[in-house]
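**Student:** structure for the following, please:
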Amino acid sequence: MKLTIPEDVRAKAEVYVGDAAGQEKTQLLLEETGLPSGLLPLKDIIECGYVEETGFVWLKQRRKVDHYFAKAGRHVSYGAEVSAFAEKGRLKKITGVKAKEMLIWVTLHEICVDDPPTGKLTCKAIGGLSRSFPVEAFEADGPPPPAKPADAVANGNSSAVAAEELTKKQTAEEEKEEETKKETAEEEETKKETAEEDNNKKEKEDTAAIAAINEIDGKLKEMSTEVVHAEAVAAEN
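**Tutor:** Next up is the predicted model:
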């Protein structure tokens with residue numbers, strides 16, 4: 001569902017355009033609310049809006065992002081449009097965020113840290129499902145480690161590498177699925193247009209046929225009238 005921001009809400013908001021400004025505001029918001037710095041790993045942010053009065057925040061990125069939190073062992077999908085209401089230690093009424101639980105994706109509606117702090121972060125899904133994880137599992141990673149030698153990379157089989165490859169594979173599969181859906185929708189639209197054209201053509205042909213029949217009936221009536229008139233004249237004579 002496309003996220004539409006009412007004009008009166010936009011008028012009250014601080015709006016940041018571009019990835020650099022959006023990333024900076026996102027990190028500042030997470031810091032101010034006391035949530036882990038890596039909780040919103042969005043990419044290519046187009047627009048970020050924040051209404052301080054209500055805590056409403058929205059984020060628009062060029063495409064959805066699938067992220068694997070290795071320390072939590074969870075895949076999380078962030079849609080092209082994400083929104084929430086932010087308050088101290090909590091994001092509530094979230095839209096556009098899903099987490100993978102076993103083999104299914106569940107929609108998250110709230111993420112919060114314990115108060116008083118226990119070092120735990122809880123994710124709540126629509127339907128009552130709830131899971132808690134260490135807060136540190138969602139902190140942003142530090143600078144990337146030095147590159148490994150080519151042979152070490154070739155022989156390495158760490159869980160992080162495996163997870164990254166799995167994420168790439170899932171992303172490719174999802175993109176392929178979306179492309180297939182798009183092609184199917186285009187084919188259905190083409191069939192619909194073709195059917196409408198055929199119906200219009202048939203209606204025109206039927207209309208033309210009826211007009212031709214009416215014209216023939218008119219001429220026959222005229223001929224019949226002329227014959228009757230001629231017979232009447234002949235009888236008088």
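
**Student:** quick one: mean pLDDT over the helix or strand hosting Glu226.
**Tutor:** Element membership for Glu226 (DSSP states H and E) is helix 159-236. Mean per-residue pLDDT for helix 159-236: 76.

**Student:** and what of stretch 123-142?
**Tutor:** Mean per-residue pLDDT for stretch 123-142: 90.

**Student:** can you give me the buried ones in that stretch?
**Tutor:** If you call a residue buried by 16 or more other CB atoms under 10 Å, then stretch 123-142 has these buried ones: Cys123, Lys124, Ala125, Phe133, Val135, Phe138. C-beta coordinates here come from the backbone N, C-alpha and C atoms, glycine included.

**Student:** what sits up against it?
**Tutor:** Here stretch 123-142 makes contact (CB atoms under 8 Å, 6 or more residues apart in numbering) with 35-39, 41, 69, 71-72, 74, 99, 101, 106-113, 119-122.

**Student:** buried sites along stretch 61-76?
**Tutor:** Within stretch 61-76, the residues that count as buried by 16+ other CB under 10 Å are Gln61, Lys64, Val65, Asp66, His67, Tyr68, Phe69, Ala72, Arg74, His75, Val76.

**Student:** farthest-separated two in those residues?
**Tutor:** Farthest apart among the buried residues of stretch 61-76 by CB to CB are Gln61 and Ala72. That separation is 21.6 Å.

**Student:** what comes into contact with the host helix or strand of Glu81?
**Tutor:** Applying DSSP H and E as the criterion places Glu81 in strand 74-87. With contact meaning CB under 8 Å, 6+ apart, strand 74-87 is reached by 2-3, 29, 33, 40-42, 50, 54-69, 91-100, 105, 108, 131, 133, 167, 170.

**Student:** just checking, next helix/strand downstream of it?
**Tutor:** Counting by DSSP H and E, what follows strand 74-87 is strand 90-101.

**Student:** list the buried residues of that next one.
**Tutor:** The neighbour-count check on strand 90-101 (16+ other CB under 10 Å) flags Arg90, Leu91, Ile94, Gly96, Val97, Lys98, Ala99 as buried.

**Student:** nearest residue to the third one in space, please, no chain neighbours.
**Tutor:** Of all residues beyond its chain neighbours, the one nearest Ile94 is Ala84 (4.4 Å), with distances taken as CB to CB, 6 or more residues apart in numbering.

**Student:** need the buried residues of strand 90-101 in a markdown table with distance to Asp217 and pLDDT, can you?
**Tutor:** Shown next, in a markdown table, are the buried residues of strand 90-101 (distance: CB to CB, whole Å; pLDDT from 0 to 100):
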| residue | distance to Asp217 | pLDDT |
| --- | --- | --- |
| Arg90 | 80 | 96 |
| Leu91 | 76 | 97 |
| Ile94 | 71 | 96 |
| Gly96 | 66 | 96 |
| Val97 | 71 | 96 |
| Lys98 | 68 | 96 |
| Ala99 | 73 | 96 |
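
**Student:** nearest to Thr184 among those?
**Tutor:** Closest to Thr184, out of all of these and judged by CB to CB, is Lys98, at 22.8 Å.

**Student:** partner residues bridging that closest one?
**Tutor:** Going by DSSP bridges, Lys98 is paired in beta bridges with Ser77, Thr107.

**Student:** check whether it really touches His109, as I assumed.
**Tutor:** No - between Lys98 and His109 there is no contact under CB atoms under 8 Å: 10.6 Å.

**Student:** next, the buried residues of the host helix or strand of Leu30.
**Tutor:** Leu30 belongs to helix 19-33 when assigned by DSSP H and E. Residues of helix 19-33 classed as buried by neighbour count (16+ other CB under 10 Å): Asp19, Gly22, Gln23, Lys25, Thr26, Leu29, Leu30, Thr33.
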